[in-house]
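Participant: quick one, structure for this:
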Amino acid sequence: MRGKTIRHFLIDGQVDGRWASELSNWIGKAYKIPRTYINQCTDRDDLSNTGMYFLFGRNDEAGEEQVYIGEAENIFNRLKQHLSEKDFWTECIVFISKDNNLNKAHIKYLENYLYILAKESKRYEVVNSNVPTEASISEMDRAEMDEFIDNMRLILGVLGHKILEPSIKRKSDEKENLYILQDRTGIKASGKPISEGFAVLKGSKIADNVRITKFMMIALLIIMLVLAVNSIFMSGGEEGLAFYLIPDVQKMIDAGIVNVIVAAMNQAFFTLSLGIGAMAIFGSYIGKERALLGEAVNVAFLDTFVAFVSGLIIFPACFANGVQPDSGPSLIFITLPNIFNNIPLGRLWGSLFFIFMSFASLSTIFAVFEGIIASTMDISGWSRRKTCLVNGIMMFVLSLPCALGFNLLNGIQPFGDGSTIMDLEDFLVSNIILPIGSMMFVLFCVSKKGWGWDKFVDEANTGKGLKIKKYMRSYMTYVLPVIVFIVFVLGLYNFFN
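Facilitator: Down below sits the predicted model:
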């Protein structure tokens, strides 16, 4: 086979921008366009031509690449329609004729044939809802379109999508060296090196830690509901229930309504890990089929539900057992054991609760650590193994002052008598890092010097669910940063006064 020359032009001067690709001595032309750049394509007059397009995305839950294959007599107008009609895709590849000699019959023939080839290759999940109808064209036109498809297959592969290439199959009589991986976590896989990289063979199984974590979280919620019901009906628990659920407006006024709101906001920053990167890490695992605003609402609702149920467990039990409800984080190790002592099979329930809580804490730690590890790898270029080792040592050393603040270093009282190093670190995280970090995230998303509003909205609205609306822009750009800044300033003022 003879060599071929393909020319690429980076329209925006950057690799992750728009590409124009041409094959020598071919009338066709290809564009590779990220979803976020579609509205900038008004400078490409030939995108108003008749042609074919492929929308590429990924189903993260199923772990499959997805594609939609379509045709249009005006490619640019059709792509703009798909911005609102189809959520899954992140980039498209367009094929047109440079002399605009493709007619409706040509592209209908191409659409049908390309659909069949994509289905047969089994490399992508084809999400077309209907099978494209085949157009009747002359023998001469058919030969010309078949050659057009051959060149499309070549350019698609060069641009990173071998959608029209047959999938690699292992021959039963093929002698080869297989790589086999098996361990006690549940991994049982085999694969082999191929020209495209490394192929994992059919039947391989990987460990599913995500499923384990989901089971642990659901089990923890069930146990919490059981504990809440038991705590409510404890002797003396009704006083704690009244203390928890009946608002005392006078006490709010005495403490200062603004102070109460600021304290609640600081608690929200902390419990949702806003501004410190944990939510960014969790968000990176959300599939493209889900819009971010909808998931944010779900997270806030679930967080509020867990906090509410926790109150139903703690406060009635505190009054029933004579424990002060303002004892702080130590309540979990004082109140809960008393609850477990007063219910049937208390040791079993208690053991399961603290095991599941440990898994919940561990998953949160992984998220926080991942932000640190990813940043270090990006800045230093180190391997993940070296990064984990260095950061592990640093985190151990930096954690010592907090751990020793209750014994060897209890003489260090940064905020006066009775305060500890842990109080200092809690102040730095809750009152400074979290609010400032949240404000930086907001400004990064809405500012032209950061990510930019349009790119942020395109990413956030990809998928099904609640979407960010145009009227929200003013609130997120001007109101939200001011609110966060006010919370930050009032938090510092109240702390030192």
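Participant: show me what stretch 426-443 is in contact with.
Facilitator: Under the contact criterion CB atoms under 8 Å, 6 or more residues apart in numbering, stretch 426-443 has outside partners 266, 269-270, 274-277, 280, 415, 450, 476, 480-481, 484-485, 487-488, 491-492, 495. In this view, the C-beta of every residue, glycine as well, is placed from N, C-alpha and C.
Participant: over to stretch 6-19?
Facilitator: Contact partners of stretch 6-19, identified using CB under 8 Å, 6+ apart, comprise 20-24, 30-34, 37, 40-41, 44, 154-155, 158-159.
Participant: now it, how far from the centre of its chain.
Facilitator: 27 Å (CA atoms, centre = their mean, to the nearest Å).
Participant: can you point out the buried residues in that stretch?
Facilitator: For stretch 6-19, burial by neighbour count (16 or more other CB atoms under 10 Å) applies to 11, 18-19.
Participant: repeat for stretch 484-497
Facilitator: Buried-residue list, stretch 484-497, by 16+ other CB under 10 Å: 484, 487-488, 490-491, 494.
Participant: nearest to Trp89 among those?
Facilitator: Among the buried residues of stretch 484-497, Val484 lies closest to Trp89 (CB to CB), at 33.4 Å.
Participant: name the nearest residue to the closest one, ignoring sequence neighbours.
Facilitator: Leaving aside its sequence neighbours, Val484 sits nearest to Met439 (CB to CB, 6 or more residues apart in numbering; 4.5 Å).
Participant: pull the longest helix from this protein.
Facilitator: Counting by DSSP state H, the longest helix found in the chain is helix 346-380.
Participant: ranges for the strands of the protein?
Facilitator: Along the chain, counting by DSSP state E, strands occupy 6-10, 19-23, 28-34, 51-59, 64-72, 89-97, 125-126, 179-182, 188-194, 197-200.
Participant: how far does stretch 221-228 sit from its chain's centre?
Facilitator: The chain centroid and the centroid of stretch 221-228 are separated by 28 Å under CA atoms, centre = their mean.
Participant: need the residues that contact that stretch.
Facilitator: Residues outside stretch 221-228 that contact it (CB under 8 Å, 6+ apart) are 306, 309-310, 312-313, 336, 339, 349, 352-353, 356.
Participant: mind redoing it with 6 Å?
Facilitator: Stretch 221-228 is contacted from outside by 309, 312-313, 339, 353, using CB atoms under 6 Å, 6 or more residues apart in numbering.
Participant: list the ones among the residues you listed that fall in helices.
Facilitator: Counted as lying in helices by DSSP H, out of the contacts of stretch 221-228, are 309, 312-313, 339, 353.
Participant: returning to what we had before: quick one: closest of the strands of the chain to Phe396.
Facilitator: Closest to Phe396 of the strands of the chain is strand 179-182 (CB to CB; 30.9 Å).
Participant: can you pull out the low-pLDDT segments for the stretch 51-200 of the chain?
Facilitator: Scanning the stretch 51-200 of the chain with the threshold set as pLDDT under 70 gives 60-63, 167-177, 179, 181-187, 194-198.
Participant: how does it look with 80?
Facilitator: Scanning the stretch 51-200 of the chain with the threshold set as pLDDT under 80 gives 60-63, 166-200.
Participant: for it, what spans make up the helices?
Facilitator: Applying DSSP state H, counting those that start in this stretch to the stretch 51-200 of the chain gives helices spanning 75-85, 104-121, 139-158.
Participant: could you export the last one as PDB, CA atoms only?
Facilitator: Extracted C-alpha coordinates of helix 139-158, given in PDB (Å, rounded to 0.1, in the frame of the first residue of the first chain):
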ATOM      1  CA  GLU A 139     -23.100   2.600  -9.700                       C
ATOM      2  CA  MET A 140     -20.600   5.400 -10.500                       C
ATOM      3  CA  ASP A 141     -21.700   7.400  -7.500                       C
ATOM      4  CA  ARG A 142     -21.600   4.300  -5.300                       C
ATOM      5  CA  ALA A 143     -18.000   3.700  -6.200                       C
ATOM      6  CA  GLU A 144     -17.100   7.300  -5.600                       C
ATOM      7  CA  MET A 145     -18.800   7.300  -2.200                       C
ATOM      8  CA  ASP A 146     -17.100   4.000  -1.200                       C
ATOM      9  CA  GLU A 147     -13.800   5.700  -1.900                       C
ATOM     10  CA  PHE A 148     -15.000   8.700   0.200                       C
ATOM     11  CA  ILE A 149     -15.700   6.300   3.100                       C
ATOM     12  CA  ASP A 150     -12.200   4.700   2.800                       C
ATOM     13  CA  ASN A 151     -10.600   8.100   3.200                       C
ATOM     14  CA  MET A 152     -13.000   9.000   6.100                       C
ATOM     15  CA  ARG A 153     -11.900   5.800   7.800                       C
ATOM     16  CA  LEU A 154      -8.300   6.800   7.500                       C
ATOM     17  CA  ILE A 155      -8.800  10.300   8.800                       C
ATOM     18  CA  LEU A 156     -11.000   9.200  11.700                       C
ATOM     19  CA  GLY A 157      -8.300   6.800  12.800                       C
ATOM     20  CA  VAL A 158      -5.600   9.500  12.700                       C
END
